[in-house]
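Visitor: please find the sequence and the predicted model below.
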Amino acid sequence: MTTIDFVKGHGTQNDFVLVPDHEGRLDLTPQEVTFLADRRAGIGGDGVIRVAPIGAAPDDVREQCPDARWFMDYRNSDGSVAEMCGNGTRVFARYLVDAGLERADVFEIATRAGQKRITRFGDGFATDLGPWRLSREVEAQERGMDSVVQVHGAPDPLPALSLDLGNPHTVVALPPSIDLGALDLTRAPQVDPHPEHGTNVEFVRAIEHAHISMRVHERGVGETLSCGTGAAAAALAIWWWGGRPSDQLDWLVDVPGGRLGVQIAGDRVALSGPAVLVARGTVELPDPVGVSDGA
Ligand SMILES: N[C@@H](CCC[C@H](N)C(=O)O)C(=O)O
């Protein structure tokens, strides 16, 4: 039986189990991740974040992140690895600062989607998510959409735009006839064409100038109460469809778990919002499947 420390935190109720691994010795298996993320049998979270020193990161991550001291090793609750997690970067930053591992107001962290700059911001942190791009540039420019999404609660497939923020997103602007709250996201929306590596799907309703609300179905998780990269993708898609107005670069994105800020700067985008740690303790990891102590 292996006992490990954990810290529980969230950013706008996108919640994570953080696993401090300051020596870089842990290698969490998918089964251990699903156990930690399990809300009944384990601790519970949308994702699991191992806090590892940069020296313990994969070679390609270390090469891309020359100024980072800590690696955010992010996994979805189903045990899959994701390249990026926007809310996760802010909760990871909260952990590093509270633990005294980072003392500056601005510092870099390493992710599988490259180095991200963190800045202290109000009661939370802002993350420069870096460059974003349309996943299928040519078609999207011509038609403003590149796929369709079928979701329970909408009678017909809805046009959508795919964006890459280090991880994949598909954004749907809901027509006025469909209530955002009426969508059934207990089942995964069907995206056509189906992205090879899956996608996070955001459903968006405009509220007013540069202010939207959103629900999300996350790849590897299900519906979550917030998604940071998803909020950035949603603001970017609405901005794109609106003709990229130069006076609409600072966005508010309301999610079921709170409110996020998104700042667009050309081909880069930043995310800001609160990040809190709420609990800490120790947990015994279950024995690996098929291994018993012989008792
Ligand atoms: N909640 C995250 C995104 C987490 C990863 C995502 N589920 C994926 O598989 O890409 C965020 O705040 O960005």
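Guide: Looks like it came in fine.
Visitor: what does the stretch 151-295 of the chain have sitting close to the ligand?
Guide: Within the stretch 151-295 of the chain, the positions near the ligand by CB under 6 Å from any ligand atom are 167, 200, 218-221, 224, 227-230. For every residue, glycine as well, the C-beta is placed using N, CA and C.
Visitor: now for those residues: which two are most distant?
Guide: Gly220 and Gly228 (15.0 Å; CB to CB).
Visitor: more neighbours, those two?
Guide: Gly228 (29 against 18; other CB atoms under 10 Å).
Visitor: leaving out sequence neighbours, find the closest residue to that one.
Guide: Gly86 (2.3 Å; CB to CB, 6 or more residues apart in numbering).
Visitor: the one you found: neighbour count?
Guide: 30.
Visitor: sorry, back to before: just checking, which of the residues of the stretch 151-295 of the chain next to the ligand belong to strands?
Guide: Judged by DSSP state E, the subset of these located in strands is 200, 218, 224.
Visitor: how near is Leu36 to Ala56?
Guide: According to CB to CB, to the nearest Å, Leu36 stands 18 Å off from Ala56.
Visitor: between the two, which has more neighbouring residues?
Guide: Higher neighbour count among Leu36 and Ala56: Leu36, with 27 against 19, using other CB under 10 Å.
Visitor: so where does the more buried one fall, helix or strand?
Guide: Taking DSSP states H and E as the definition, one finds Leu36 inside helix 30-37.
Visitor: contacts for the helix or strand that that helix is followed by?
Guide: Per DSSP H and E, the first helix or strand lying C-terminal to helix 30-37 is strand 47-53. Outside strand 47-53, the residues that touch it by CB atoms under 8 Å, 6 or more residues apart in numbering are 14, 16-24, 26, 28, 33, 36-37, 69-77, 82, 85, 88, 91-92, 95-96, 221.
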